[in-house]
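A.B. asks: Okay, here's the prediction I keep looking at, along with the sequence it came from:
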Amino acid sequence: MGYNFLKRKKTSLVLARLISVITLSIVLSLIFLPPVTGDSVVYRIQKTYEVSNESSTTATNVQVFIFIFDNGYFGWNNQTILNEDILPLDYTIEECDDNRVLEFSLGTLRPNESQLISIEQIIRVDDVELTIDPSKVGGTVPPELFPLTQPVPHLWESDAPELVERVRELTENESNLYWSAKTVFDFVNGYLTYQPSEAEHSALEAYRTRVGDCSEFAHLLIALIRAMGLPAKLIVGYGYQHDRETDLEDMGHAFASIYLPSVGWLPADETWGLGGEFGELSCDHLILFTSDGSNLVSNGRIRIPGDSITYSYIGTDPRISLHLRRSEITREVALETQLRTAPGLEGKTLHLYVTVKNSGTRKVENLWISIHADENHFVVPPEHVLPSLAPKSEQTITFELEVKESVRSDPIMVRVDYDTCYGKFSSESEEVLITVNMPQLPSGGVMRLLIIMGLIGIVGAIVALLRR
């Protein structure tokens, strides 16, 4: 009796498995990636300086020099000045290399007199995503860029034997310049440990101590890249961080730009995000100025250039001071788009959840939300339109994506096109990779065999009952 019971149980399991094969079965595997900030952001930068004479001596020919943001650098065209308000109006703008400097002529500043300088800039910053075919990288460095391959004493010691040897070890088995540069980039990223520092340290110091902040990471990368014979420059500016609120000066940041023959300049930020950014630059980077290194060292010490003041006087030096009284940043346009998926399927339908968040201070309108997927594998749902989205608000929309056939690591992403007071913008989510396994239904011959086997089983069961 026990044997028959076990046998019947085993037969039931076989039938259940057959039914499970005949019935559509789908295994869904998802890789979730973090949301990405919109591809374009508009920032409002507000700075106020106070020039003061707190002495008893009159200063004449008072001139103030202040770095300000400029349009796109290095051919990336990712930074655009939308508007500027500058006071007082008696100023000129000097543009040299990649830098833009305001020159104010304030004239005479009497004892106990002060004057304010106000600068407001509205800046659009776009993501940089360079498409580079490593096999196409090659050729020679243009002669005009040779100075950018040279060492800078006390800063980028690319001729130091230990740095030269390290570069040789890293690149001796790699003939492609792109992969050689990427290997050096990855080395620096894993070699140094991030440690904030008030003082600036040279590339060689960073190499020996193995610690540093964004500046030291950039200095070491530049020195190693120049040791390869490739041009490299320093970029100084700001990296927007929402947890720092509006304090711009607390967001100071530095990274590098390196030159590859046949490609041109590409950004290389060792410390931003997970693993840094090589050949790409997120729109939370604002570039204030760049340097070839010639103006970064004075009397053997590293001195990052900043705002300065000059003046004339007779008698005792009045020591005119220049103080930054206000330095604020706000994001006026910033849309964040996140794509999530349901943990399974309903029949052949996958539910997608798109969250659109307005992190800016301006209302956005006419938001066209579209799903992008391979139409050979999915039935893509129609666009959804949101009339508007208020500042600091968010909304989640559900889409239904019908699966046509098996796919492996197929990307799905969301794009949002929208209007702002500064024009049209777009935001894209990170891709979600989807794997769907859909076993083929049995063929006609196999299906007929299964039916015959089922009928035989039924007839056998009836015969057994009649014998009782």
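C.D. replies: Structure received.
A.B. asks: Domain map for the protein?
C.D. replies: 2-23+442-467, 41-332, 334-437 (automatic domain parsing).
A.B. asks: Redo those as CSV? Include mean pLDDT and mean neighbour count.
C.D. replies: C-beta here means a position set from N, CA and C on the backbone, and glycine is covered the same way. Shown next, in CSV, are the domains of the chain (pLDDT from 0 to 100; neighbours: other Cβ atoms under 10 Å):
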stretch, mean pLDDT, mean neighbour count
domain 2-23+442-467, 47, 10
domain 41-332, 95, 17
domain 334-437, 93, 16
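A.B. asks: Quick check: the gap between residue 67 and residue 289.
C.D. replies: 5 Å (Cβ to Cβ, to the nearest Å).
A.B. asks: Between these two, which contacts overlap?
C.D. replies: 99, 100, 305 (Cβ atoms under 8 Å, 6 or more residues apart in numbering).
A.B. asks: Those residues in strands, which ones?
C.D. replies: Of these, the ones assigned to strands by DSSP state E are 99, 100.
A.B. asks: Mind picking the one among the shared contacts of residue 67 and residue 289 that's closest to residue 142?
C.D. replies: residue 99 (20.7 Å; Cβ to Cβ).
A.B. asks: List the contacts of that closest one.
C.D. replies: Residue 99 sits next to 67, 70, 289, 290 when contact means Cβ under 8 Å, 6+ apart.
A.B. asks: quick one: the most centrally placed residue in the chain from residue 129, how far?
C.D. replies: Central residue of the chain (Cα atoms, centre = their mean): residue 282, 2.7 Å from the mean position. Note on residue 282: its distance to residue 129, by Cβ to Cβ, is 9 Å.
A.B. asks: Residue 239 too?
C.D. replies: 17 Å.
A.B. asks: what's the answer for residue 155, then?
C.D. replies: 30 Å.
A.B. asks: hang on, the earlier thing: surely the residue nearest to the centre of the chain touches residue 267?
C.D. replies: No: the pair residue 282 / residue 267 is not scored as a contact, 9.8 Å apart, by Cβ atoms under 8 Å.
A.B. asks: Which single one of the shared contacts of residue 67 and residue 289 is nearest to residue 45?
C.D. replies: residue 100 (13.3 Å).
A.B. asks: Helix, strand or coil: sort out the closest residue to the closest one other than its chain neighbours for me.
C.D. replies: Leaving aside its sequence neighbours, residue 100 sits nearest to residue 70 (Cβ to Cβ, 6 or more residues apart in numbering; 4.0 Å). Secondary structure, DSSP: H, G, I helix; E, B strand; the rest coil: residue 70 is coil.
A.B. asks: Residue 70 touches residue 94, doesn't it?
C.D. replies: No: assessed by Cβ under 8 Å, residue 70 is found out of contact with residue 94, at 11.3 Å.
A.B. asks: Quickly list what's touching both of the two.
C.D. replies: residue 100.
A.B. asks: what residues are up against the residue lying closest to residue 150 once chain neighbours are set aside?
C.D. replies: Distance criterion Cβ to Cβ, 6+ apart; nearest residue to residue 150, sequence neighbours excluded, is residue 226 at 6.8 Å. Contacts for residue 226 (Cβ under 8 Å, 6+ apart) come out as 148, 149, 150, 151, 156, 158, 232.
A.B. asks: redo that, cut-off 7 Å
C.D. replies: 149, 150, 151, 156, 158, 232 (Cβ atoms under 7 Å, 6 or more residues apart in numbering).
A.B. asks: Looking at the shared contacts of residue 67 and residue 289, which one is closest to residue 385?
C.D. replies: Nearest to residue 385 among those, counting by Cβ to Cβ, is residue 100 at 40.1 Å.
A.B. asks: who's residue 412 bridged to?
C.D. replies: Taking DSSP bridges as the rule, residue 412 bridges to residue 432.
A.B. asks: Give me the secondary structure label for residue 170.
C.D. replies: Using three-state DSSP, the structure places residue 170 in helix.
A.B. asks: Could you measure from it over to residue 70?
C.D. replies: 34 Å.
A.B. asks: for the stretch 301-450 of the chain, what spans make up the strands?
C.D. replies: 301-302, 308-313, 321-333, 335-346, 349-358, 364-372, 378-379, 384-389, 393-403, 407-420, 423-428, 432-437 (DSSP state E, counting those that start in this stretch).
A.B. asks: Past the one helix or strand residue 221 maps to, which element shows up next along the chain?
C.D. replies: Applying DSSP states H and E as the criterion places residue 221 in helix 214-227. Scanning forward in sequence from helix 214-227 by DSSP H and E, the next helix or strand is strand 232-239.
A.B. asks: helices or strands next to that following strand in the packing?
C.D. replies: With contacts taken as 3 or more Cβ pairs under 7 Å, 6 or more residues apart in numbering; DSSP states H and E, strand 232-239 sits against helix 214-227, strand 252-260, strand 285-291.
A.B. asks: among the ones you listed, which is nearest residue 327?
C.D. replies: The closest of the helices and strands packed on strand 232-239 to residue 327 is strand 252-260. By Cβ to Cβ, the value is 10.3 Å.
A.B. asks: Output that closest one as PDB - backbone C-alpha positions only.
C.D. replies: The C-alpha coordinates for strand 252-260 follow below in PDB (Å, rounded to 0.1, in the frame of the first residue of the first chain):
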ATOM      1  CA  GLY A 252      35.300  73.300  -4.300                       C
ATOM      2  CA  HIS A 253      36.600  70.600  -6.600                       C
ATOM      3  CA  ALA A 254      39.600  69.800  -8.900                       C
ATOM      4  CA  PHE A 255      40.200  67.200 -11.600                       C
ATOM      5  CA  ALA A 256      42.100  66.800 -14.800                       C
ATOM      6  CA  SER A 257      41.800  67.000 -18.600                       C
ATOM      7  CA  ILE A 258      44.000  64.800 -20.700                       C
ATOM      8  CA  TYR A 259      44.700  64.900 -24.500                       C
ATOM      9  CA  LEU A 260      44.600  61.800 -26.700                       C
END
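A.B. asks: Hey, what's the angle from it to helix 214-227? Just curious.
C.D. replies: 10 degrees (axes from the mean of the first three to the mean of the last three Cα atoms, to 10 degrees).
A.B. asks: can you give me how far strand 252-260 is from the chain middle?
C.D. replies: 14 Å (Cα atoms, centre = their mean, to the nearest Å).
A.B. asks: tell me what that strand is packed against?
C.D. replies: Using 3+ Cβ pairs under 7 Å, 6+ apart, strand 252-260 is in contact with helix 177-191, helix 214-227, strand 232-239, strand 264-269.
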